[in-house]
Each structure stands twice: as C-alpha cells, then as structure tokens.
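**Q** could you look at this predicted model? Sequence included:
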There are 2 protein chains.
Amino acid sequence: MERTKFRNELAQQLRVDSIRAADAAGSGHPTSSMSAADLMAALLDGHLRLDFDRPETPANDHLVFSKGHASPLLYSCFKAAGAIDDAELLTFREFGSRLEGHPTPALPWVDVATGSLGQGLPFGVGLALTAARLDELNNRVWVLCGDSEMAEGSIWEAFEHAAFYRLDNIVALVDVNRLGQTGETMHGWDLGAYSARARAIGWHTVEVDGHDPERIEAALTEAEATSGRPTAVVARTSKGKGASEVENLPGKHGKPLQDPATAIEELGGVRDLRVKVSAPDTVGGSRTFSPTDGETARFEVGNSVATRKAYGQGLRALGSRRGDVVAMDGEVSNSTHSEQFREAYPERYFEMYIAEQQMLATAVGMQARGWVPFASTFAAFLSRAYDFIRMASISRASLNLMGSHAGTAIGEDGPSQMALEDLAAMRAVHGSTVLYPCDANQTARLLEPMADREGICYLRASRGASPVIYGPDEEFPIGGSRTVREGDHVTLVGAGVTLHEAVEAADRLAEEGIRARVVDLYSIKPTDTETLRRAAEETEGLVTVEDHWPEGGLGDAVLAALADTGASAPVTKLAVTGMPGSGKPAELLSQVGIDSTAIARAARALVPESASR
Amino acid sequence: MERTKFRNELAQQLRVDSIRAADAAGSGHPTSSMSAADLMAALLDGHLRLDFDRPETPANDHLVFSKGHASPLLYSCFKAAGAIDDAELLTFREFGSRLEGHPTPALPWVDVATGSLGQGLPFGVGLALTAARLDELNNRVWVLCGDSEMAEGSIWEAFEHAAFYRLDNIVALVDVNRLGQTGETMHGWDLGAYSARARAIGWHTVEVDGHDPERIEAALTEAEATSGRPTAVVARTSKGKGASEVENLPGKHGKPLQDPATAIEELGGVRDLRVKVSAPDTVGGSRTFSPTDGETARFEVGNSVATRKAYGQGLRALGSRRGDVVAMDGEVSNSTHSEQFREAYPERYFEMYIAEQQMLATAVGMQARGWVPFASTFAAFLSRAYDFIRMASISRASLNLMGSHAGTAIGEDGPSQMALEDLAAMRAVHGSTVLYPCDANQTARLLEPMADREGICYLRASRGASPVIYGPDEEFPIGGSRTVREGDHVTLVGAGVTLHEAVEAADRLAEEGIRARVVDLYSIKPTDTETLRRAAEETEGLVTVEDHWPEGGLGDAVLAALADTGASAPVTKLAVTGMPGSGKPAELLSQVGIDSTAIARAARALVPESASR
C-alpha cells in the first residue's frame, strides 16, 4: 500500500478503535483521540523508534501523551503496533485492566503518568535532558500536547528549559483541535498564537494541517533534521474528526459516541492493520553503577551546623560513592547547599532556575531512566509543585526531595518563606517517606537509605545551625526514632528544631523533679509505632511539638500511630497556632508556642503532682 | 528642583534607605532593591495615583511587589511618600513590626502578600480584572517583577490572562538586573528575550535603561497611553546600583552591605526627601450590596443528586441573593456545575481556562476589593495552586474553593483525576475551613455561611449522585455534625460518599444486633469536638472512614479532636491504602477498603461479643 494511503487507513483505524474502546468502557475521550489520529499514524509509521518487545531498551524513543485523556488513541496505537491485542483494548477502564482512564506506567511503554494537564511536556523535557546529558543517547522524546493545556504555566516552564538546554531531541506535537472541555480555547485555531510563543522562546516551529499526511510527514522530517533546538509541530485539527455526530461540535468532550456504529461506518469500518514500528538501531548503553569508596560527611559532636548544610555535604559525599546520584535545585543552591554537589559533580547537576514544577518533572524523567535524583529548594516552594509530586506517585516514581528553611525558626524572612504545611502535604502522598532530622550527622546518614528507597522521599531541613548531638557513625533507619533522654513521667516528642527545644525543656523539668523522656521522631512517616506505644504505656502522657501548623504533621502522625497500636494516653499537641511575622527565631518559637517554655508547661500539666515527687 | 534631578535624588534616597533598613535588620535584600530604585522614583513622582492617607479608596492604584524580597525598597517608598516615618523604617524585620521580611497586608497599602516568586503578577492581573470588569474603575495596577521570577510558569499564566482580557490597566515593570540568587538568570541582560515573549502573547512592550529617568518617564507615559492591551516595561538595571561594594557583583544577594557607611557616602548620604504621590481624581464607587430575595436551591429527599450539581444550583441561587458573589472555574464548569452561575450571571463569572494558579490569584485579587469569590475545578487540580492557597492565607484572604470529583469514588477516570490528598492539604492551611457534604441540600446550605466566613473555605464535592437525605430547610452550621443514626455500641464517622457507606454498614450491623451510631462529619475543620467526645464516651469505639489517603484527612481530624478533649476510645481509621486504578466506583471503594463491608467489619471488631447481645 502506498504510504499516504496506508497512513490514512491507519489513522481511521486509530479513530475507530478509540470509539470502540470508549464505547466498551461507557466513558472516555474518543473525540480528543480522533483529532490526533493522523499525527500518530505518521509517527508510528516511520518516525517513532521503539522496540515494543523490549520496552527497557535504553535507546528507545519515548512517547508521552501530555493530553493523557486521549488514552483511547494511545492504546489504539499500542494495538496497531502489536503490543496489545484487540481483546485487551476493549478492557479499557475496566477494574483491573492496565488500560486505565489515563495512562500510567502500569503499561511498560508508558514512562510517566499523565492526566493532570500541562505535565507531560515537562516530563518529556526531563526525559530529553536525561537522554542528552546523562545517558548520551540519540533517541527522541515525542510529546502529544493538547491545545487546552497550553494555558498551564508549567507548559511554558518546559518550553523555556527545552530551549535553554538546546534539547533538539524533543518534539512537541500540539493538537490544536480548538475545543476545550466547555468551549473554545483562548486561541481557537490561531496556530500562530502558539508558534509565536514557542519561537519567541527559541523553539523551531512548523504549522501544519493535522489531517494532511504529506504535511505531517514533512513536519516530522523537519523536526528530526532540526539541531540545536527543540521543535513544535503545531497542527490544526478537528475534534472528533471523521464522525459527523461529533466532528468539530461543542459539548462532545469526554463521552462515548451515541451512535458508534454509524460513526465507524463513516470511518470505513473496523480494520486490523498492523504498523511495523521500527526498533532503535542500537540497544544503547545502559549504565550500571556500583557503589565505590568515597567521601563520608562527618560532623563533630558539639559543633553547631545547619541541617541544610549537612545535606549539601552529605549529598556531595553520596555523589562521590554513587555515580547514579544526580541533583537539581530551584536556583537557591547556595541556600540549600546543593551547590556542594554542583561544584563537585557539575555534569550531574541541573539548574532548574525558579521553576519548581519543571524541577519535579525533571526528577521524574531522570528516575524513569534509573537515575537517583535529589531535588532541593525552600520547603515552602515545593508546594508550587504539589500536583507534580502527586502525579509522580502515580508514576510510581522514586525520587528524593529536600526542603530547606522549614518553619517559623527561619525568623526574619517572614511567613512567605516558612514551610508550615509541608509535613501534612508530603505525608499525604501515597507511598511517601517523610524525614525531619535534627542534627548534621543524622541528616547526612539519612541520605543513604533515601537513595535506595522506593517512592517519594522528603527530607525537611532547617535554616539555622543546631548542635551536633549524634556521632558520625550512628545509624538512623527510616521508620526509626531515637530516645535521647530516658524518663518515666512524661514523654516529649519532637523532631528537627523542636527536638532541641524538647531537650531543653527536659533539662528544666529535671530540675523540678519531673523525669521527661525525649523522643526524636526524625522519621515522621513511616512512624516508629512501637516506641510511641511504650511511651504511652510507661509515662503519664505525651507532648508532641512541631514547627508546623497543627494539622497533618508530627502530632497527627503520633496520634495515628497510637490509634493503630490501641495504646491510649493523654497527648498534648503543640504546633504553630497563629500567623507568624518576622522576628528572631527564638522570639517566633516563643510567640507561636513551641519553645522549651511551652513544652515544659504542657509537660507539667500532664504529670500529677504526686508522680513527680 | 528640576524633575530629572529630583527623581535621581529620590532614587538615591530609596537606595540609601534600603541599605539602612537592611543594616538595621541585619538581613534582607538591599541589592535587589537598589536596582529598581529609579523605576520606583519615577512611578511615585507623577504616575502612581494612591491616597496613602485613605488606603481604602476604591479608585487608588495598586502597587504590587511581585519581587517581594525587594521589601526594603517598598518600605523606603512608603517613607518617601510620608506613609511611615524613618523610625518605623528601621524596625524592618523586627519582631512585632509590620515591616516584615516580605510585604503582607499587615500594611494598609499592601493588597496581597508576596515573597513566593511569580505570584505578584498573577495577583496583579486579578486586581486589574476586578477594576476593569467588576468595579469599573479607571485606576491602574503597577507590578514590579524581578527577572528571576520570569522562570515561573505562573508568570506566563498571568501574561496570557492579561492579554486575553485586554487589561490595559496593568503595567509590569520588569527589573532585569541579570543576577539571581546564585548566579546569572537564564537570559541575563537579554531584554529582548522577555519582550519577545510578552509581545508574542499580546502585550505592548518598552525596553529601557532602568537607570535613565528620561527613558523611564517616556516608558511609563507610553504605558499609560496604551489601550486595549497591557504593557511591560522591560528595564535593564544593575543589582546593587550605585554602591561599588555590591554593584553588579555575584554573591551579593539577600544580605546587608558589609560597609554601609561607604556605600551611603557613594550614594550621596542620607536624605529626607518627600515625594507627593497624587491621590486619584475620584474616590470611586465602592459598591455596597444588600442581600435580596432570590432563589433557593432545594432538593427533594429521596432523589439522587451529585453534590457537585448541588454546588452549581446553590451557587446560582446564592448569586441571585448576593450581588457581591463572583465565580470562576478552570475550564471544567460543566463538570463542577459552576456553569449554572455562568449562565445566570455572565458578568460575574470569569473563565480561567486550565490555569489553576491564575484562578487562585484572580480570586485573591477580587476578594482584596471586597468581592466574594467562589473558584472551582476538580479537587485534584487545586493541588496545582497549593502555593497560591498558602500565600492567600498570608494575604489574610477570604475566598471559597470548590473541588469536585474527590476520591476513588469517581471510578473509571483513574487516579490522576482523584483527589486523595486534598483534605490534608487544605486542613494545613492557616485559618482554613474544610467541608465535605454528603447530600445536595447540605451542599447548597453550606455555601451560605461560606460566603460570610473569614479565611479560605474549601468544599469537597463528589462526582456521582447520592441520595438526598436532609430536608431543604435544615441548617448545617460550620463546625457542626449530624448524627444520622443513634446507637450505643459503636460509632461510625464518615462524610461525603463514605457517610452513605456508613449508613449502609449500620443497617447491616443492626441486623446482627449491633447498634451503630453514625456521625456525618461534614465539617472536617473546624471539627465538632463535643459530638466526638460523647461518641467516645458512650460507645465502645469509633470507626472513621474516608475516601482519602490515611494521612491528614478525616481520621486524623477525629483523632486530633479526641486528643483535645482528653476522651479516649479505640479508633479504627479506614482510608485508601493502595494506589487505585480505574473501575466502577463500587469496585474501587471495595478494593481500597472503605465500603460498607469494610466498615461493618471494622465495627464488629470494636464491639465485644457480649455488648451486642
């Protein structure tokens, strides 16, 4: 069959299969799939290089559906490529099917979960940066974008970074079908609006009729031939193309066709074409890393060191021993101290500028290729990327985040720079690990298990210096805790800056005859339930104290752990209750009620007069 | 004094005062302030229209420092305008001072808190849209942007919306001082990089030497004369301008000068100039609204209605009675049903497209002018704007958010569309209110107190229809709960979709002789502590059940409330434990362990055999 004719037929099959899949499911987005079918037919037939039988092949191209709701099209492509069969296609959206409503890595040809619009292109930039700078492969990343999602700022972060890093191995296929979910997009069919923006940023652009196979072929070839910068193929398409019931009509988003049989007939009926998707010429180097000898970050007990500084030293040390560790930062590397890694291993450090969403997306892309990313910024500003963190957990990503400058203890900079919700937000990420060390050795040691751990690990670090209380050879398992003072009257539970306040409170209470146990709950999630249970049983009650809002942080973690064990004891939760302003750290800790004075007061209230005699 | 000379002197004073303020504080960002001093001197002297004595004047211009860390410059401007005195200027960053490290509305001339980069321009667009479309005033919004923050995608959402809504009442002053916190920005002094992007989006742009008063004057005049589109003044400046210790040098970000005396001498010494900032020509119409008669959304008990649909009807009804209620949506108004408000009150509805950050920023801008915004999208996608929500609480904003399609109960669309962390995230916002109604009348009734409430209110709505169990005239106070089944063996606590599962479980348990009390905890925050305390005392234990991850949601809220009261009872927390895929709602609720079967099982385990006889 002549090429153009074959591609036309293939595109019709992709449309028909999209309609059939959504019909079988009783839901889904066939019309959003149909607009991009000609783009995908051309891509599969001669441009995409992907060995579907060996999805782990490093040199494979990546195909990312940033418009994840066009999943019927993606799965129809997988069927056309012979990766899944027709019976599986029709399990779309069924319970237990790997063909979920939006693509996830439950499928081996899907690198990243999409479905939150505006994320696929940033993830694609992460994959492309990995290929260009770390894996040094000649493969390509193809990203299908919708026009509606071009309104997301994260798309423009991706455009910026792709141009800045001169990624000529990424191609954005922008499916401009004009119609969003509720009506026309901001720019309708004004292709020039999109290409002007992309060109201003430094991309090469090609505008095409997205239903003309010749023009699409030329555009993809042009994209492949373009060097030194990324290419956007901006395609004018019709939503629901080819089916009169839905084509280019409003109100046809996200639902199966009412009369699929007629539409399938209009599209030429059901086909069973197979397209031979080329495998890459080479398998490509899969780098393997073995831990080697190297530095260890060690701090002397009694010195005063900020945990953010220990993070920088610890990360550099980890980087000396593990070649697969990479780092990135949101342009605050001199505050997070990730600059130590940058200076030692510039080829494994990536400046993400003040674009936290792209920073997360880059980390997701890198871990998809087996690298071990550590991404850092102020903890408060990780909240900018919360949707990306949420989606990363759906991608089953393993990556590490460090948030510095946590809590009111930062002092003078004021509340905009104080993370006070980060523990709650990060605990509520599926499969996450949440750590909050109080000293430099603990911080550096925790980086080691983080690098090996599955899921999203978050380490909360402090701005100010704090005393080194643990020796450099001590171990801090994730899920553990440290009892830094023994006592049987009352238990004080803190972490990070509040651990030191708790120790001070215990010293003061000791003078009054109250024996306070102090638990360093450096692993907020998972929580050391057993130690907390014993504290509930062996002392009169617990005081939890955290530099965080009262909701969802350390105190709630302790209550949840106690509820799990069935242990029962009075718990007084101290946390930040009023909006802080600026001031000295000690002034603020006192004002918001989490300093040693407040802790001692709460502890006294839990201990009966008689007990402390 | 001749104009140019005066402005030069004024600019030097602003620099000197910025140095003095940071020196007094021992921290802060004088060099980031000094680069923009000439821009501010020109703005204050003849362009800004702001009655400092009457900050509530509706027709006042708005001055937003998107680069909030240049607060020393802002406060020096306030001093030059006579709004604060020199003694107060030198309280910068002191405990208790309203001159915080980053600007907040603790100062009457600050509309919105800034300090998280990339937010001031979106907030400014919200203020400009309010002026143009709601208040219908001829004032202007001036936003000082830094070049580093141009890397934030949210800045480009703001650019897009300002152009789309043809806001010629906003001017962005982009202070391109080339140096970020750690090094050079992506684009250095390439003014064309910024103006090409802005022009591609539809802005008018002017590039200037940011230290040339004549050129600045011309640019501001040109901005004022431009109609039909917003203007960006892109200014080449030097960080630390005028002080040889710091000017245009790396490593001088965010710290006081080492030798302020020499710098002040270089800058011509301390001055005490006053600039007469013009008041607006008119006070401007401050609209006052009185509640009027209008519709009430009423649903018949026994019908089946989705709470998101009740939100749409309830909001339209509220809009009929309150002229100050405005609505906006992230291009999913047919899913959130905010389209009902849009259709009834198009002049009070604002399409934010798929740009959740700008949606939040618009709501913040509108409430700053006294409007009562309701912003809606899928609950999962509010996570995209979490940093904006965090900052809104620092702005002391009162606004209402509705997140639809919560939890695994959405079914086939899969996890990318399921909010499972929203309760944790929203509870951890200072001063927030978190509501999760289970029926249509409850949903509609809750919108009324939300509109009057201070702070950030979040209402979680469900996708699927659920039975109407409450009458249309019942009241649901915020902070309350409803006991929908009495019982003294065990208490089941649910909300939203899980309330109905709990009722079903109670019915099943009743057949076994177990009398289960069922509490509808529709107000997750604040929590009805008293009802929970009684349940703990009067029954054998509590089962909490939520369509949410286990961390930080309804269960943790119940545990925290019980800990507060000192009541002690076994609590079994049921929540979503594994990553869901696609499937029918009932299949997913069963899989993740939160359906009636799971609830009944957990309840049985809490009730001793003897109790239920």
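**A** Yep, it's here. Quantities reported herein were computed from a predicted structural model and do not represent experimental measurements.

**Q** scan chain A for its longest helix.
**A** helix A:3-25 (DSSP state H).

**Q** as a whole number, average confidence for that helix?
**A** Computed over helix A:3-25, the mean pLDDT rounds to 98.

**Q** does it reach chain B?
**A** Yes. Using Cβ under 8 Å from any Cβ of the partner chain, helix A:3-25 reaches chain B at residue A:25. Every residue, glycine included, has its C-beta placed from N, CA and C.

**Q** tell me how far that helix lies from the chain's centre.
**A** In terms of Cα atoms, centre = their mean, to the nearest Å, the centre of helix A:3-25 is set 33 Å apart from its chain centre.

**Q** for that helix, name the packing helices and strands.
**A** If you count contacts as 3 or more Cβ pairs under 8 Å, 6 or more residues apart in numbering or on different chains; DSSP states H and E, helix A:3-25 packs onto helix A:30-34, helix A:37-44, helix A:71-80, helix A:86-89, helix A:213-225, helix A:260-266.

**Q** could those go into JSON lines alongside distance to chain B?
**A** As requested, the helices and strands packed on helix A:3-25 are exported to JSON lines (distance: least, Cβ to the nearest Cβ, whole Å):
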{"stretch": "helix A:30-34", "distance to chain B": "13"}
{"stretch": "helix A:37-44", "distance to chain B": "21"}
{"stretch": "helix A:71-80", "distance to chain B": "9"}
{"stretch": "helix A:86-89", "distance to chain B": "14"}
{"stretch": "helix A:213-225", "distance to chain B": "20"}
{"stretch": "helix A:260-266", "distance to chain B": "17"}
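
**Q** now, of those, which is deepest in the fold?
**A** Most buried of these, by mean neighbour count (mean count of other Cβ atoms under 10 Å in any protein chain shown): helix A:30-34, with a mean of 31.

**Q** from the chain's centroid, how far away is that helix?
**A** Here helix A:30-34 is found 28 Å from its chain centre; the criterion is Cα atoms, centre = their mean.

**Q** and if you look at stretch A:225-244?
**A** The answer for stretch A:225-244 is 27 Å, by Cα atoms, centre = their mean.

**Q** in that stretch, which residues are buried?
**A** Across stretch A:225-244, burial judged by 16 or more other Cβ atoms under 10 Å in any protein chain shown covers A:226, A:229-243.

**Q** only the buried residues of the longest helix of chain A, if you could.
**A** For helix A:3-25, by 16+ other Cβ under 10 Å, it's A:7-8, A:10-25.

**Q** and if you look at stretch A:564-579?
**A** Within stretch A:564-579, the residues that count as buried by 16+ other Cβ under 10 Å are A:564, A:567, A:569, A:570, A:571, A:572, A:573, A:574, A:575, A:576, A:579.

**Q** next one: stretch A:345-364
**A** A:345, A:348-364.

**Q** again with stretch A:290-304
**A** Applying 16+ other Cβ under 10 Å to stretch A:290-304 flags A:296, A:297, A:298, A:299 as buried.

**Q** I'd say the third one and residue A:474 touch.
**A** No. Under the contact definition of Cβ atoms under 8 Å, residue A:298 does not touch residue A:474, with a separation of 11.0 Å.

**Q** between the two, what contacts are shared?
**A** residue A:441 (Cβ atoms under 8 Å, 6 or more residues apart in numbering or on different chains).

**Q** show me the contacts for residue A:90.
**A** So residue A:90 contacts A:20, A:21, A:24 (Cβ under 8 Å, 6+ apart).

**Q** burial count for residue A:406?
**A** As a burial measure, residue A:406 scores 28 neighbours (other Cβ atoms under 10 Å in any protein chain shown).

**Q** that one reaches residue A:460, doesn't it?
**A** Yes. Assessed by Cβ under 8 Å, residue A:406 is found in contact with residue A:460 at 4.8 Å.
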